[in-house]
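J.: A structural model of the following input is requested.
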Amino acid sequence: MHQHVRPIPLFLSLLFLSALFLFFPFSPSPFRFASNRRSVIWDSPRVFEWRPCDWWKDRERISEAVPYKSNGYIRIDCYGGLNQMRRDLCDGIGIARLLNATMVLPKFDVAAYWNESSDFADIFDVDYFIEKTKGFVHVVNELPEEIKQKDPFRVDCSKRKGQFDYVESVLPFLLEHKYISCAPAISQRRDRYPLNAKAAFCQGCYNSLRLNKTLESKAKKLLEAIPKPFISLHLRFEPDMVVFTRCTYPSLSNSSLQSVEIARNSDFVIANRKPLTGESAVQWRNRGKCPLTPKETAFILQSLGISSNSNIYLAAGDELMEIEGFTSVYKNVYTKSSLLNHVDFDSMHGNTKAALDYYISIHSDVYIATYFGNMDKMVGAMRVVEGKYKTLLLNRRAFASYKAKGFDKEGLARVLWDVHKEDFVLGRGIGLPGCFCEFRLIYNNSSQLKSITHLATYHLLIRCPVNITPKSRRDSQLPSKSSTNLS
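T.: Down below sits the predicted model:
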């Protein structure tokens, strides 16, 4: 005798399906754990954020701190790619103020390696630069006739990093020759500068440089052509980058391995850049010293919940290797060469191309860096100036070290989410210099931003460039008067 089975009412079926989707929601991510996380890393409420400090924005106070009497003229010689030269220029502005020198427009080196012949005026707006630096440092477009006829006396600044170095070793040459040139050392001790030199550096670097009208017009057209919203991804996996970092990638294609070998034997490569081997290579990689491959980059972005349908602008050079490892996952990828007129693009030099990437990266909805270089430091800082905080440096050390510990894809994706979420929430990883101060963000019970509070003096002493004696939280960004003296 067959037992009669009663059909399940429709509402019970719907209730069951609702419960199924509630506990096992559909997620486009390839990782199961992502279903229990927020959709993207940016949904996590930040605890801290960086902002430009108020103390260097007061032009009148800075100009009155130390009367400006010129000791002569200085030309800053800048070498390398665009972002390296911009770094040198920023340091040069501080040095000029430190020496009470009148600054001539900088000289951009003609670098064969970067296929470069652009000068300062080919990239930046000269009149804007001169106007914005008034009150901080004196800049002239042309030298007086009596000075113009001679070349500057070249001073070796390769080991000059602090105030004492310049005043004791460089100032005498300036006073004697009245016109000198100097190429700043890579690591300047700006923490040892007086207030007026620090402020000149900050103002000159973050509030006085914009692209000239011709280049800015091209950059705006490029920005308009990119579908919105979009991520600007600074992907660094060129042959010279692999050689420079001394890393090995056995799984590269034959064409990529050949490109690396050609770069290694190039005249432009620094000596003693042989690839590391054995345990040294393992330790080097686990310390995060090796660039991420495009395939590894795609994996990390997926771990962070970034959809494969996202619009991504590649802020990169023309020699990227293994790009298929990225574009096989992320299909909506755009580049300068794919969006600009080919005739216009081919006529541009290396620095003008880099300037477009710089402009796009500052104005993108999201900026992600895969290797922390000069461009990433500058873009990260300028995005803070513009009030854009969706900026992230991919953690190469976490990726390499956890992968070496044997984490499977699921576990590796989970831990990468946690590491990058913490970096984003705490405002870490973008390496802001001393022109910026840290603020704590206070939320209510509904995770809505309620207030922004400047951090305590202890944090300022660690994070900010000047000694501070605050009278209240309101004015705790202002340096003490004792730090304004030039001695």
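
J.: in stretch 429-445, what's buried?
T.: Neighbour-count burial for stretch 429-445 flags 429-430, 432-441 (criterion: 16 or more other Cβ atoms under 10 Å). C-betas here are computed from N, CA, C, even on glycine.

J.: just checking, which of those residues belong to strands?
T.: 436-441 (DSSP state E).

J.: As JSON lines, these with pLDDT and distance to M103 would be great.
T.: Formatted as JSON lines, these follow (pLDDT from 0 to 100; distance: Cβ to Cβ, whole Å):
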{"residue": "F436", "pLDDT": "92", "distance to M103": "24"}
{"residue": "C437", "pLDDT": "90", "distance to M103": "27"}
{"residue": "E438", "pLDDT": "89", "distance to M103": "31"}
{"residue": "F439", "pLDDT": "89", "distance to M103": "33"}
{"residue": "R440", "pLDDT": "88", "distance to M103": "38"}
{"residue": "L441", "pLDDT": "87", "distance to M103": "38"}
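
J.: So which of those is the closest to S181?
T.: Distance to S181 across these (Cβ to Cβ) is lowest for F436, with 30.2 Å.

J.: Please tell me how far the residue lying closest to the closest one once chain neighbours are set aside sits from H420.
T.: Counting by Cβ to Cβ, 6 or more residues apart in numbering, W50 is the residue found nearest to F436 once chain neighbours are left out, at 4.5 Å. W50 sits 17 Å away from H420, going by Cβ to Cβ, to the nearest Å.

J.: what's the answer for S256, then?
T.: In terms of Cβ to Cβ, S256 sits 27 Å off from H420.

J.: what do you get for E386?
T.: 22 Å.

J.: So these two - more neighbours on which side?
T.: H420 (23 against 10; other Cβ atoms under 10 Å).

J.: per-residue pLDDT, that one?
T.: We have a pLDDT of 95 for H420.

J.: Surely it and R396 touch.
T.: No - counting by Cβ atoms under 8 Å, H420 stays clear of R396, with 11.5 Å between them.

J.: Need the distance between the two termini of stretch 363-374.
T.: Stretch 363-374 stretches 18 Å from its first residue to its last (Cα to Cα, to the nearest Å).

J.: Just the buried residues of it, please?
T.: 363-364, 366-374.

J.: Same question for stretch 351-359.
T.: 351-359.

J.: In JSON lines, list those along with pLDDT, secondary structure and distance to S328.
T.: As requested, these are exported to JSON lines (pLDDT from 0 to 100; DSSP: H, G, I helix; E, B strand; the rest coil; distance: Cβ to Cβ, whole Å):
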{"residue": "N351", "pLDDT": "86", "secondary structure": "helix", "distance to S328": "32"}
{"residue": "T352", "pLDDT": "88", "secondary structure": "helix", "distance to S328": "31"}
{"residue": "K353", "pLDDT": "89", "secondary structure": "helix", "distance to S328": "25"}
{"residue": "A354", "pLDDT": "90", "secondary structure": "helix", "distance to S328": "27"}
{"residue": "A355", "pLDDT": "93", "secondary structure": "helix", "distance to S328": "30"}
{"residue": "L356", "pLDDT": "95", "secondary structure": "helix", "distance to S328": "26"}
{"residue": "D357", "pLDDT": "96", "secondary structure": "helix", "distance to S328": "23"}
{"residue": "Y358", "pLDDT": "96", "secondary structure": "helix", "distance to S328": "28"}
{"residue": "Y359", "pLDDT": "97", "secondary structure": "helix", "distance to S328": "29"}
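
J.: Lowest-scoring secondary structure element of this protein by mean pLDDT?
T.: None of the helices or strands of the chain scores lower by mean pLDDT, DSSP states H and E than helix 457-463, at a mean of 32.

J.: for stretch 240-255, what is the average pLDDT?
T.: Stretch 240-255 shows a mean pLDDT of 92.

J.: what's it in contact with?
T.: 256, 260, 263-264, 266, 268-270, 273-277, 281, 284-285, 289-291, 293, 319, 321-322, 371 (Cβ atoms under 8 Å, 6 or more residues apart in numbering).

J.: What's the PyMOL line that selects buried ones from these?
T.: Listed next is the PyMOL selection for buried residues among the contacts of stretch 240-255, using 16+ other Cβ under 10 Å:
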select buried, resi 256+260+263+264+275+276+281+284+285+289+290+291+293+321+322+371
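
J.: Looking at the contacts of stretch 240-255, which are in helices?
T.: Counting by DSSP state H, these place 256, 260, 263-264, 281, 284-285 in helices.

J.: Tell me the one among the residues you listed nearest to G204.
T.: For the ones in helices among the contacts of stretch 240-255, the nearest to G204 is A263 (34.3 Å; Cβ to Cβ).

J.: can you pull the contacts of that closest one?
T.: 238-240, 242-243, 269.

J.: Kindly recompute the last result at 6 Å.
T.: Taking Cβ atoms under 6 Å, 6 or more residues apart in numbering, we find A263 in contact with 239-240, 243.

J.: Likewise for S181?
T.: S181 touches 75, 77, 152, 154, counting by Cβ under 6 Å, 6+ apart.

J.: Reformat those as a markdown table; add pLDDT, secondary structure and neighbour count.
T.: What follows is these, written out as a markdown table (pLDDT from 0 to 100; DSSP: H, G, I helix; E, B strand; the rest coil; neighbours: other Cβ atoms under 10 Å):
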| residue | pLDDT | secondary structure | neighbour count |
| --- | --- | --- | --- |
| R75 | 96 | strand | 22 |
| D77 | 93 | strand | 19 |
| P152 | 95 | coil | 20 |
| R154 | 95 | strand | 14 |
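
J.: between these, which is nearest G380?
T.: D77 (25.9 Å).

J.: nearest residue to the closest one other than its sequence neighbours?
T.: A183 (4.4 Å).

J.: among the buried residues of stretch 363-374, which are in strands?
T.: Per DSSP E, the subset of these in strands is 366-369.

J.: Return the member of the residues you listed nearest to Y330.
T.: I368 (11.6 Å).

J.: what's across from that closest one in the sheet?
T.: With DSSP bridges as the criterion, I368 is bridged to L233, L392.

J.: So it sits against L235, correct?
T.: No - with contact defined as Cβ atoms under 6 Å, I368 and L235 do not form a contacting pair (8.9 Å).

J.: shared neighbours, the two?
T.: In contact with both I368 and L235: no residue, using Cβ under 6 Å, 6+ apart.

J.: Y313 sits in which helix or strand?
T.: In this structure, Y313 is located in strand 311-314 according to DSSP states H and E.

J.: for that strand, what is the average pLDDT?
T.: Mean per-residue pLDDT for strand 311-314: 98.

J.: How about residues contacting it?
T.: 226-227, 230-233, 235, 330, 332-335, 360.

J.: So which of these sit within helices?
T.: Those of the contacts of strand 311-314 lying in helices (DSSP H): I360.

J.: what's F326 in contact with, if anything?
T.: Contacts of F326 (Cβ under 6 Å, 6+ apart): 294, 297-298.

J.: helix/strand/coil for it?
T.: helix (DSSP: H, G, I helix; E, B strand; the rest coil).

J.: what's the spacing between it and D156?
T.: 43 Å.

J.: got it, and L301?
T.: 45 Å.

J.: Between these two, point out the one with more neighbours.
T.: Per other Cβ under 10 Å, whichever of L301 and D156 has more neighbours is L301, with 25 against 12.

J.: what about the more buried one, which helix or strand?
T.: helix 294-303.

J.: Backbone dihedrals for I130, please?
T.: phi -70, psi -40 (degrees, to the nearest 10).

J.: Quick check: it touching V139?
T.: Yes - under the criterion of Cβ under 6 Å, I130 makes contact with V139 at 4.8 Å.
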